[in-house]
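Engineer: what's the 3D shape of this:
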Amino acid sequence: MERNDHVAHFTKLIGAANVLTTPDDKAPYLVEWRDLYQGVTPMVLRPGSTEEVCAVMSYAYEHDLRIVPQGGNTGLVGGQIPQNSGDEIVLSLSRMNKVRDVDPDGFTITVESGVILETLQNEAEKVDRLFPLSLGAQGSCQIGGNISTNAGGTAVLSYGNTRDQVLGLEVVLPTGEIWNGLRTLRKDNTGYDLKQLFIGAEGTLGIITAASLKLFPKPKKLEAAFVGLPTPEAALSLFSIAKAQAGPVLTGFELMPRAGIEFCLRHLDGARDPLEGEHAWYVLMELSSGSEAFEIRDLLEAILGEAFEAELVEDGALAQNMSQVQDFWHLRHGMSEVQKAEGGSIKHDVSVPVAFIPTFLNQAMAAVEQFVPGCRPIPFGHLGDGNIHFNVSQPVGADKAAYLEKWDEMNEIVHGIVADLNGSISAEHGIGRLKRDLLKDVKSDIELDMMWRIKSALDPKGLLNPERVLPVRK
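Structural biologist: Below you'll find the model as predicted:
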């Protein structure tokens, strides 16, 4: 069949307004926000219900059409952008944005995949509950994409990854079949836990159309501190003290370098330096409690008192109100965004065992500075769960294109250090297209073969998000 025939059929299925074919209409769906990927597609489809997704996928399977699912287009590894071959159709879930059910007594919420993460957080708050997933892109990313990539964020320390928030899923398979697994059970030991196949699969095994998710008690008290430290070793020691004293009440522990703070002060609207002097490293520490009776302010002061006595902390500021808490987090969440204004940035989303974070930072920073003299490492992130975003900005005045050509070589250097420390080359951003060919270096042959067997069983024609995640099969 010709392209026009496909357009005509999809128009019958989901309406002309939801089959986008003009360059201007398609443009927002074809560029990744870091500009690493720009794709080509014959059309963008915007189904509005699970049944419409089913109809689209059934037709696509019958006619061997390649489909690329897309949520809020905030992914950082290119898995949501069509390739330049021009034969991949983008399927956007943005119209599937209904909240189907909220159960505050059962601490669950069921939503469609196109619901914006911030909307989901607000719906939980309306019933005095918390949905803990928190990301810098929460105003535009969609929960279906969060689940498909097993997003991490700043609350993993206390609540876990997205995977840990999912109770059930509704999924349209590549064949067009619908699996309704929207269960809200906390215990269900009846065979394989099928939902886990689709969480983190990045749209290669099925299209998530809805999810049942856990809610938590809304914190009644929240305290935060922003502290300056001399070294990553001091930050790790502070974390050890905080974790030992606060346990699950410690809900955030973020590490940032001075260079990253300076980037924010230059380019982030509303940013201000929380401390008077300059420090090599900073930690944003947050404690929260669901009980009014628990004085977490006293606990935070006790943690900092022990740290000051041990000469781990050079200076610190305790938030006096929620506005100051938000100011602290504004700096942390803005750290990715501001790097654009400083030129090219080579990114690494890695994790190592928490105890090895200082070792990793010391080795990796020295290695990249030797590789590209004058480069500016901006390592920041979730010290409490071992995930560091090891981004390296170009030297001042360097040619951006020439610098970015060193991407693969720098990745090899950094990932080599990560491997030596038994870490991971992808902590929370996924594999997509960016890291697909690296997977064979960090996964055994049997692991890759098992993944391919699953892919072949669920998507025998290889039409759903092809050439993502899995490297070419030997």
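
Engineer: Can you name the helix or strand that residue 150 falls in?
Structural biologist: Counting by DSSP states H and E, no helix or strand carries residue 150.

Engineer: Pull up the gap between it and residue 287, please.
Structural biologist: Residue 150 sits 26 Å away from residue 287, going by CB to CB, to the nearest Å. C-beta: built from backbone N, CA, C; applies to glycine.

Engineer: neighbour count winner among those two?
Structural biologist: Remark: of residue 150 and residue 287, residue 287 carries more neighbours, 25 against 20, as counted by other CB atoms under 10 Å.

Engineer: Quickly run through the sheet partners of whichever helix or strand the more buried one is part of, with directions.
Structural biologist: Per DSSP H and E: residue 287 is located in strand 281-289. Strands that pair with strand 281-289, judged by DSSP bridges, come out as strand 221-229 (antiparallel), strand 250-257 (antiparallel).

Engineer: what's the most buried one of these?
Structural biologist: For the strands paired with strand 281-289, the largest average neighbour count (mean count of other CB atoms under 10 Å) is found in strand 250-257, namely a mean of 24.

Engineer: same for the helix or strand following that one, what does it pack against?
Structural biologist: The C-terminal neighbour of strand 250-257 among helices and strands, as given by DSSP H and E, is helix 258-267. Applying 3 or more CB pairs under 8 Å, 6 or more residues apart in numbering; DSSP states H and E, one finds that helix 258-267 contacts strand 281-289, strand 376-382.

Engineer: quick one: contacts of the helix or strand just after the strand holding residue 287?
Structural biologist: Using DSSP H and E, the helix or strand that follows strand 281-289 in sequence is helix 296-309. Outside helix 296-309, the residues that touch it by CB atoms under 8 Å, 6 or more residues apart in numbering are 221-223, 225, 227, 237-238, 241-242, 245-246, 249, 285, 287-289, 313, 316, 318.

Engineer: just to revisit the earlier point, any idea which of the strands paired with strand 281-289 gets closest to residue 32?
Structural biologist: For those, proximity to residue 32 was assessed by CB to CB; strand 250-257 is nearest, at 24.6 Å.

Engineer: Including mean pLDDT and distance to residue 205, could the helices and strands packed on helix 258-267 go into JSON lines?
Structural biologist: As requested, the helices and strands packed on helix 258-267 are arranged in JSON lines below (pLDDT from 0 to 100; distance: least, CB to CB, whole Å):
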{"stretch": "strand 281-289", "mean pLDDT": "96", "distance to residue 205": "35"}
{"stretch": "strand 376-382", "mean pLDDT": "97", "distance to residue 205": "27"}
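
Engineer: Let me know whether residue 379 touches residue 368 as I believe.
Structural biologist: No: counting by CB atoms under 8 Å, residue 379 does not reach residue 368; the two are 9.8 Å apart.

Engineer: okay, and the common contacts of these two?
Structural biologist: Counting by CB under 8 Å, 6+ apart, nothing touches both residue 379 and residue 368.

Engineer: about what we covered before: want to throw the strands paired with strand 281-289 into CSV with mean pLDDT?
Structural biologist: Shown next, in CSV, are the strands paired with strand 281-289 (pLDDT from 0 to 100):
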stretch, mean pLDDT
strand 221-229, 97
strand 250-257, 96
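
Engineer: Out of the ones you listed, which is closest to residue 7?
Structural biologist: Evaluated with CB to CB, those place strand 250-257 nearest to residue 7, the distance being 47.1 Å.

Engineer: Show residues contacting that closest one.
Structural biologist: With CB under 8 Å, 6+ apart as the test, strand 250-257 has contacts from 154-155, 157-159, 219, 224, 232, 235, 239, 242-243, 280-288, 331-332, 335, 357, 377-384, 388.

Engineer: One more: stretch 431-444?
Structural biologist: So stretch 431-444 is in contact with 36-37, 75-81, 83, 202, 411, 415, 419, 424-426, 448, 451, 467-471, going by CB under 8 Å, 6+ apart.

Engineer: Go through those and flag which are in helices.
Structural biologist: 411, 415, 419, 448, 451 (DSSP state H).

Engineer: Quick check: the first one touching residue 364?
Structural biologist: No: between residue 411 and residue 364 there is no contact, the gap being 11.3 Å when judged by CB under 8 Å.

Engineer: more neighbours, these two?
Structural biologist: A count of neighbours by other CB under 10 Å puts residue 364 above the other of residue 411 and residue 364, at 26 against 19.

Engineer: and residue 57, how far is that from residue 298?
Structural biologist: Distance from residue 57 to residue 298, by CB to CB: 56 Å.

Engineer: These two: which is more packed in?
Structural biologist: Remark: of residue 57 and residue 298, residue 57 carries more neighbours, 26 against 10, as counted by other CB under 10 Å.

Engineer: ok, that one touching residue 176?
Structural biologist: Yes: the pair residue 57 and residue 176 qualifies as a contact (CB under 8 Å) at a distance of 4.2 Å.

Engineer: At which residues are the helices of the stretch 101-250 of the chain located?
Structural biologist: 117-126, 143-148, 156-159, 195-198, 232-246 (DSSP state H, counting those that start in this stretch).

Engineer: For the last one, buried residues please.
Structural biologist: Looking back up the chat, that one is helix 232-246. 232-239, 241-243, 246 (16 or more other CB atoms under 10 Å).

Engineer: In JSON lines: the residues you listed, plus pLDDT.
Structural biologist: Compiled in JSON lines, the buried residues of helix 232-246 are given as follows (pLDDT from 0 to 100):
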{"residue": "232", "pLDDT": "98"}
{"residue": "233", "pLDDT": "98"}
{"residue": "234", "pLDDT": "98"}
{"residue": "235", "pLDDT": "98"}
{"residue": "236", "pLDDT": "98"}
{"residue": "237", "pLDDT": "98"}
{"residue": "238", "pLDDT": "98"}
{"residue": "239", "pLDDT": "98"}
{"residue": "241", "pLDDT": "97"}
{"residue": "242", "pLDDT": "97"}
{"residue": "243", "pLDDT": "96"}
{"residue": "246", "pLDDT": "94"}
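
Engineer: I'd like those as a markdown table, with distance to residue 119 appended.
Structural biologist: Below are the buried residues of helix 232-246 laid out as a markdown table (distance: CB to CB, whole Å):
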| residue | distance to residue 119 |
| --- | --- |
| 232 | 37 |
| 233 | 41 |
| 234 | 39 |
| 235 | 34 |
| 236 | 36 |
| 237 | 39 |
| 238 | 35 |
| 239 | 32 |
| 241 | 37 |
| 242 | 32 |
| 243 | 32 |
| 246 | 30 |
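
Engineer: before we move on, the earlier item: between the strands paired with strand 281-289, which one is nearest to residue 127?
Structural biologist: Proximity to residue 127, assessed across the strands paired with strand 281-289 by CB to CB, is greatest for strand 221-229 (18.5 Å).

Engineer: angle of the closest one against helix 296-309?
Structural biologist: Strand 221-229 runs at 10 degrees relative to helix 296-309, counting by axes from the mean of the first three to the mean of the last three CA atoms, to 10 degrees.

Engineer: Where does pLDDT dip in the chain?
Structural biologist: Residue ranges of the chain with pLDDT under 70: 1, 474.

Engineer: So it: which segments form each domain?
Structural biologist: For the chain, automatic domain parsing gives the domain ranges 99-217, 221-333, 343-420.
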